[in-house]
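Trainee: Quick one, what's the 3D model for this:
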Amino acid sequence: MAALVVLFAAPARADVTVAVSPSLLEFGVDAGAEFAQEISVSNIEEDPAAISVSVSPKGNGGAESNTADWFSTSPADLRLAPGETKIVTVYVRVPKDAAPGGRYATVFFGTGVASAERSVGRFVGGKGVGASIGSAFLLTVQGPDLKLKGQVDKVVPVSVGPGRLGARVELTNSGNVHLFPSGEVELKDSEGAVVGIFALPETTALLPGETRSFYLEGTHDVADGDYRAQGKFDFGWDAQ
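Mentor: Take a look at the predicted model:
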């Protein structure tokens with residue numbers, strides 16, 4: 001996956017657009033493993049750009065799931081000429097005593113317009129305006145205690161206009177590894193007949209301990225009456 005970020009600088013300068021690839025990486029690792037991952041960073045606009053590289057924890061699964069200190073990068077900052085692409089290498093070192101489960105961090109690339117009088121690696125350009133874009137690392141430390149478990153907290157029909165319904169769901173990751181939920185909601189009338197099906201859109205990873213609300217794709221015309229929304233979701237592996 002690739003991603004773009006656009007930085008709007010001062011009117012006298014062009015916009016700065018930086019692309020990173022890949023923007024999402026998923027690994028199964030053993031405790032004590034070490035590996036390197038290359039990320040390409042491209043300046044696809046007409047001004048030079050200064051890039052500052054940093055690593056931040058990702059997710060709300062508790063201190064044990066945030067692993068920014070497992071990561072280092074080379075280089076820590078770089079300068080890109082217009083149209084130039086460079087490689088940043090991310091080094092990951094998993095502690096030998098790491099417990100099984102999901103671990104998460106994001107490598108951020110901070111961008112700014114690089115002027116001749118400013119040093120590389122600072123947020124510069126315009127009037128100090130800066131932006132950042134990240135590559136997310138989703139690590140699963142292998143072991144016997146992995147728990148992929150999701151729960152459906154709410155399935156709610158939603159009025160989106162006169163005589164028209166949509167659907168919203170609320171899902172929670174109650175396990176210790178990330179998951180990518182998929183599934184659908186059936187809208188049934190008072191006699192149990194299916195009058196519409198709503199699909200859960202493709203989404204980013206749901207991290208351990210995270211609860212998120214999703215509006216499903218599609219809407220359906222309905223007559224006045226009582227309706228029931230029933231959802232079925234796949235959380236991966238054999239968890240439904």
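
Trainee: From here on, just use CA atoms for contacts and neighbour counts.
Mentor: Fine.

Trainee: lowest-confidence helix or strand of this structure?
Mentor: When the helices and strands of the chain are scored by mean pLDDT, DSSP states H and E, strand 3-7 comes last with a mean of 38.

Trainee: Only the buried residues of the helix or strand following it, if you could.
Mentor: Next helix or strand after strand 3-7 toward the C-terminus (DSSP states H and E): strand 16-21. Neighbour counts over strand 16-21 (16 or more other C-alpha atoms under 10 Å) mark Val16, Thr17, Val18, Ala19, Val20, Ser21 as buried.

Trainee: Stretch 21-40 too?
Mentor: Of the residues in stretch 21-40, those buried under the neighbour-count criterion (16+ other C-alpha under 10 Å) are Ser21, Pro22, Ser23, Leu24, Val29, Asp30, Ala31, Ile39.

Trainee: now swap in stretch 166-178 and tell me
Mentor: Going through stretch 166-178 with 16+ other C-alpha under 10 Å, the ones that come out buried are Gly166, Ala167, Arg168, Val169, Leu171, Thr172, Asn173, Ser174, Gly175, Asn176, Val177, His178.

Trainee: ok, the residues you listed vs Gln142, which is closest?
Mentor: Sorting the buried residues of stretch 166-178 by distance to Gln142 puts Val177 at the head of the list, at 10.2 Å, by C-alpha to C-alpha.

Trainee: Help me confirm that Tyr215 comes into contact with Ala167.
Mentor: Yes - Tyr215 lies in contact with Ala167 (C-alpha atoms under 8 Å); the separation is 6.1 Å.

Trainee: State the distance from the residue of the chain positioned farthest from its centre to Lys232.
Mentor: In the chain, the residue that sits farthest from the middle, by C-alpha atoms, centre = their mean, is Glu191; the gap is 40.4 Å. Distance from Glu191 to Lys232, counting by C-alpha to C-alpha, to the nearest Å: 20 Å.
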